[in-house]
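In: With the input below, show me the fold.
(one chain, ligands or ions: 3)
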Amino acid sequence: MIVEVIVDVSAYPIDRPFDYIVPEELETLVERGSRVHVPFGNRKVQGFITDVKEQTDLDISKLKEIHSIIDVEPVVTEELLQLSKWLTNKTLCYEIDALQVMLPAALRASYKKNIKLIDPSALDEAFLALFYKKEVISYDVIEKSGLLRQMKKYLIDGSVHLETVIKQQAKAKTILKYHVTADKEFILEQLKSLTKQAVKQKELIEWLLDQEQTSFTMNELMDLAKANNSSVKALVDKNILEKRNAEIYREITTLDHQEKDQRFQLTDEQISALTNINHSQNHAENTTFLLHGITGSGKTEIYLNAIENSILKGKQAIMLVPEISLTPQMTRRFKLRFGDQVAVMHSGLSIGEKYDEWRKIWRGEVKVVVGARSAIFAPFKDLGVIILDEEHESTYKQEDNPRYHARDVAIWRSEFHKCPVILGSATPSLESYARASKGVYSLLKLKMRAKEQALPTVNVVDMRAELKNGNRSMFSVDLADAVREKLEKKEQIVLFLNKRGFSSFVLCRDCGTVVECKQCDISLTYHRAGEQLKCHYCGHEEPVPSKCPECESEHIRFFGTGTQKVEEEIAKLFPFARVLRMDVDTTKTKGSHERILKQFGDGDADILLGTQMIAKGLDFPNITLVGVLNADTTLHLADFRAAEKTFQLMTQVSGRAGRHDKEGQVYIQTYTPEHYAIELSKSQLYEPFYQKEMLVRKQYGYPPFYYLTLVQVTHENVMVASEYAKLATNWLRVNLSSETLVIGPTACAISKIQNRYRYQCLIKYKKEPLLIEKLQQLIKIYRTEWMKKGIILTIDLDPSTIL
Ligand code: ADP
Ligand code: ZN
Ligand code: ZN
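Out: Ligands and ions are numbered 1, 2, ... in the order given. I've put the predicted structure just below:
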């Protein structure tokens, strides 16, 4: 028997399966989708079995044998095996990366397998003997005994169970404890087999045998037993002690006992949308729906109903949210409706707990998974619906290999399972809306809020005028007044400081001008070194002007401010206000998002001040005022999606106010009030924004009119980086068709990360049949020649940002 194995060697020029011979004793154990250890060169590496066959085209005498089996049952389904092939081609990654990304982190880390005895009656004598006086034995014991084949049989008939013990990596905030898990007999046996030199181990074992207690911290072992690190480690290796994390991970979505699932009489709009979705579910049609509904229009209620319909049919559902730790309220609604049938994959879980959730999915014990991007690979076997909430969010795109977009994977899986996909948003991505307009996606609209509340009134405040009137503070007079009024009324306020991980542009505070590249319609990026402004799309450079090119004001300078500074200003302006701050600094520890949100929800603060992360999912009845301190940061992002991102953000933030009975007010402060993305977010009407933005995209040749592919080259040496970027660019220029634009190479907007200089080249095309083939050739040149020189080349098809 022969197996094809995708080996875990990414750094190899050839990305294809290798054939291996299966030794006879392992024949009944190998399955497609299981992992094995195989010899590769002079190493032993991990690999995935992607095929099992009787014959090979290769010279069989030259083939090697697989070394051992890692999984006794497959970890990747047949569907996901196919998906990985598609993903490899679509994102130009190594197939091994495509396979790995589908597994829970636990299976990529180190873990231990145990076999538990369930029913001894069916076991043969030799096998049963392994369990002498034990209920659980290590998989390694069985492997050594050569009885793997029997084990597989007993696993299938249920006489034994496989248990996976995740060895947690010690984290700073958890207490590691060492548990005596082995029985006395085993320990005595180990004691006897110790070498004479192992004095420390001997002392430690004898001490442990004398104790009643069975778990200890390392400090206790050192102080009380006079043990040292290496003796403890040795006992762990001998399975006498087991390391476990003592921290108990709190489930973020714990349910309050008073909380009840609310069911509504659906609105006409909701019914109409749901009828379409149900039709597709009932007729096994893989329609992709774009559910365009304003904030608070009841999209989530539609998701819940579609999932319920899927469960009724005995099928499963995937529910993706952009960032699960930010949406505890949402996950709570799913738990309330579906109870134990929901697996929640959130970042507050330990890798072991995530693995448990994954196992529940694998075994079909749950029907729904609610999770972030990677939950799209949930190994469900019969999907009835796949949902992406806030489909426009860039977190759905993975920024590392494999660079996949969850939306593409969702659509692929929906074709496989013949089930619908629902893409939901109040502000769909231009790509999706364009597809819906063309009829590629089926458009469903919700124009009214579910509870018929009015949308909040949005006021745009011109910060240039404030400056003219001598107000140099971050708060306009109007916003400051509104804050005071709400504080008096004991209503709550959300203040939003627009901070994008990276944005540095110069702005004229008198007229709002930001210097842009004429050719690319992109803000020029400020480089402190040499006081230069650069366009990192086309390479155009100019010095930072000392006066505003429009109004000649000298108030033109670098723009940016931090949450801490705002907090200080709030303390000065509103000394009695109770403020909660939510940003990267205050949310470092696990569960801190949830804690801050809960405090705010409980009314323990008047003002919630935060960055991007408070834009989503907040749904508190007492919020009646939202202030955006600086809309300009996203607007002048050096990215062709800057206007789109601004409009999305303004709409989303505004949606936080007045969601319930009390009316909401929004203030957006900006130096560019006339910009259409700001102007149109006043009315929160998506259509006119879409029309206007499409014109701009067409004029400058951006998606969805053109496709983009980003090629980046990095190296520690700036000259080398630039040289190879040139090589790559020229190679593409020569090899791609003449209608395709190859722009660059230019320094990236972030020109250096972790001491590596970054250059890029942008490929723009409407149709390029040769693209994948040529990029694969370029990758091959890179892997065989450039890699040795320390170059890293990455290719990103349909990049979500270009920084
Ligand atoms: P979205 O996901 O579009 O922002 P939600 O589904 O969260 O909207 O609904 C907004 C609010 O309206 C929620 O508080 C929800 O409980 C409520 N709601 C949803 N559907 C209905 C309905 N048919 N009747 C009354 N209230 C509803
Ligand atoms: Zn100016
Ligand atoms: Zn340019």
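In: Check the gap between the closest residue to Gln190 other than its chain neighbours and ligand 1 for me.
Out: Among residues not flanking Gln190 along the chain, Lys238 sits closest, at 5.4 Å (C-beta to C-beta, 6 or more residues apart in numbering). Where C-beta positions appear, they are placed from N, C-alpha and C, glycine not excepted. Distance, Lys238 to ligand 1, by C-beta to the nearest ligand atom, to the nearest Å: 54 Å.
In: pLDDT wise, what is Lys238 at?
Out: At Lys238, the model reports a pLDDT of 88.
In: could we number from 113 for the rest of this?
Out: From this message on, residue numbering opens at 113, which makes the last subject Lys350.
In: My understanding was that it contacts Leu303; is that so?
Out: No: here Lys350 does not reach Leu303: they are 10.0 Å apart, not a contact under C-beta atoms under 8 Å.
In: Burial check on the residue nearest to Gln302, number of neighbours?
Out: The number of residues packed near Lys350 is 17, by other C-beta atoms under 10 Å.
In: cool, the one 3 residues further on as well?
Out: Using other C-beta under 10 Å as the criterion, Leu353 is surrounded by 26 other residues.
In: can you tell me which residues contact Lys228?
Out: Glu247, Val248, Val272, His273, Leu274, Glu275 (C-beta atoms under 8 Å, 6 or more residues apart in numbering).
In: how about 7 Å then?
Out: Neighbouring residues of Lys228 by C-beta atoms under 7 Å, 6 or more residues apart in numbering: Glu247, Val248, Val272, His273, Glu275.
In: Repeat that for Pro135.
Out: So, once contact is read as C-beta under 7 Å, 6+ apart, Pro135 ends up touching Glu177.
In: how much space between it and ligand 3?
Out: Per C-beta to the ion, to the nearest Å, Pro135 is found 61 Å from ligand 3.
In: With Gln262 as the reference, measure out to that residue.
Out: Distance of Pro135 to Gln262, given as C-beta to C-beta, to the nearest Å: 16 Å.
In: now do Glu324
Out: 38 Å.
In: of the two, who's got more company?
Out: More neighbours surround Gln262 than the other of Glu324 and Gln262, with 19 against 4 (other C-beta under 10 Å).
In: Ligand 2: which of the contacts of Lys228 is nearest?
Out: Nearest to ligand 2 among these is Glu275, at 67.9 Å by C-beta to the ion.
In: what's across from the closest one in the sheet?
Out: Note on Glu275: beta-bridge partners Asn226, judged by DSSP bridges.
In: how far out from the middle of the chain is the helix or strand containing Ser526?
Out: Here Ser526 sits within helix 518-529, counting by DSSP states H and E. Distance, stretch centre to chain centre, for helix 518-529: 17 Å (C-alpha atoms, centre = their mean, to the nearest Å).
In: Could you list the residues in contact with that helix?
Out: 191, 195, 198, 202, 398, 400, 432, 485, 488, 494-495, 498, 500, 503, 508, 532-533, 535.
In: contact partners of the strand or helix carrying Gln764?
Out: Take DSSP H and E as the rule and Gln764 turns out to sit in helix 754-766. Helix 754-766 has contacts (C-beta under 7 Å, 6+ apart) with 407, 504, 538-539, 542, 568, 570, 608, 610, 727-728, 738, 740, 743, 746-749, 778, 780, 789, 792-793, 796, 801, 805.
In: Just the residues you listed: which are in helices?
Out: Among the contacts of helix 754-766, DSSP state H puts Leu542, Thr746, Leu747, Ala789, Phe801, Glu805 in helices.
In: Turn those residues into JSON lines, including neighbour count and distance to Gly624.
Out: Shown next, in JSON lines, are those (neighbours: other C-beta atoms under 10 Å; distance: C-beta to C-beta, whole Å):
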{"residue": "Leu542", "neighbour count": "21", "distance to Gly624": "24"}
{"residue": "Thr746", "neighbour count": "25", "distance to Gly624": "15"}
{"residue": "Leu747", "neighbour count": "27", "distance to Gly624": "10"}
{"residue": "Ala789", "neighbour count": "23", "distance to Gly624": "13"}
{"residue": "Phe801", "neighbour count": "25", "distance to Gly624": "19"}
{"residue": "Glu805", "neighbour count": "20", "distance to Gly624": "19"}
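In: Which one among those residues sits at the bottom for pLDDT?
Out: Note: of the ones in helices among the contacts of helix 754-766, the lowest pLDDT belongs to Thr746, at 83.
In: The closest residue in space to that residue that isn't next to it in sequence and Cys620, how far apart?
Out: Nearest residue to Thr746, sequence neighbours excluded (C-beta to C-beta, 6+ apart): Thr758, at 4.4 Å. Counting by C-beta to C-beta, the gap from Thr758 to Cys620 is 18 Å.
In: which residues touch the one helix or strand Asn421 maps to?
Out: Using DSSP H and E, Asn421 sits in helix 411-424. If you take C-beta under 7 Å, 6+ apart as the criterion, helix 411-424 is touched by 376, 378, 382, 385-386, 389-390, 393, 403, 405, 428-429, 431, 442, 445, 449, 453, 479-480, 496-497, 499, 501, 534, 536, 558, 562.
In: Next step: those residues restricted to helices.
Out: Short answer: those in helices (DSSP H) are Gln382, Ala385, Leu386, Ile389, Asn390, Gln393, Met442, Arg445, Arg449.
In: So among these, where is pLDDT lowest?
Out: Among those, Met442 has the weakest pLDDT, 80.
In: Number of residues surrounding the residue nearest to Thr746?
Out: Residues contacting Thr758 under the criterion other C-beta under 10 Å number 28.
In: Kindly report the same for Asp714.
Out: With other C-beta under 10 Å as criterion, Asp714 counts 9.
In: Any figure for the gap between it and Asp773?
Out: In this view, Asp714 and Asp773 are 18 Å apart by C-beta to C-beta.
In: what do you get for Lys557?
Out: Noted for Lys557: a distance of 25 Å to Asp773, by C-beta to C-beta.
In: More neighbours: which of those two?
Out: Lys557 (16 against 9).
In: beta partners for the more buried one?
Out: With DSSP bridges as the rule, Lys557 is bridged to His404.
In: Now do the same for it: its pLDDT.
Out: Per-residue pLDDT puts Lys557 at 97.
In: Check Glu359 too.
Out: If you check Glu359, the pLDDT there is 44.
In: Just list the residues touching the residue lying closest to Lys479 once chain neighbours are set aside, thanks.
Out: Excluding its sequence neighbours, the residue lying closest to Lys479 (C-beta to C-beta, 6+ apart) is Gln453, at 4.3 Å. For Gln453, the contact set (C-beta under 7 Å, 6+ apart) comprises Ile423, Val478, Lys479, Val480.
In: what about the first one, how many neighbours?
Out: As a burial measure, the neighbour count of Ile423 was computed by other C-beta under 10 Å and equals 17.
In: now swap in the one 5 residues further on and tell me
Out: The burial count assigned to Gln428 is 26, neighbours taken as other C-beta under 10 Å.
In: Check which helix or strand the nearest residue to it once chain neighbours are set aside maps to.
Out: The shortest distance from Gln428 to any non-neighbouring residue, by C-beta to C-beta, 6+ apart, is to Phe492 (4.1 Å). According to DSSP H and E, Phe492 maps onto no helix or strand at all.
In: if I pick the closest residue to ligand 3 within the stretch 363-512 of the chain, what's in contact with it?
Out: Here the stretch 363-512 of the chain gets closest to ligand 3 at one residue, Ser506, 22.0 Å apart by C-beta to the ion. By C-beta under 7 Å, 6+ apart, the contact list for Ser506 reads Ser912, Thr913.
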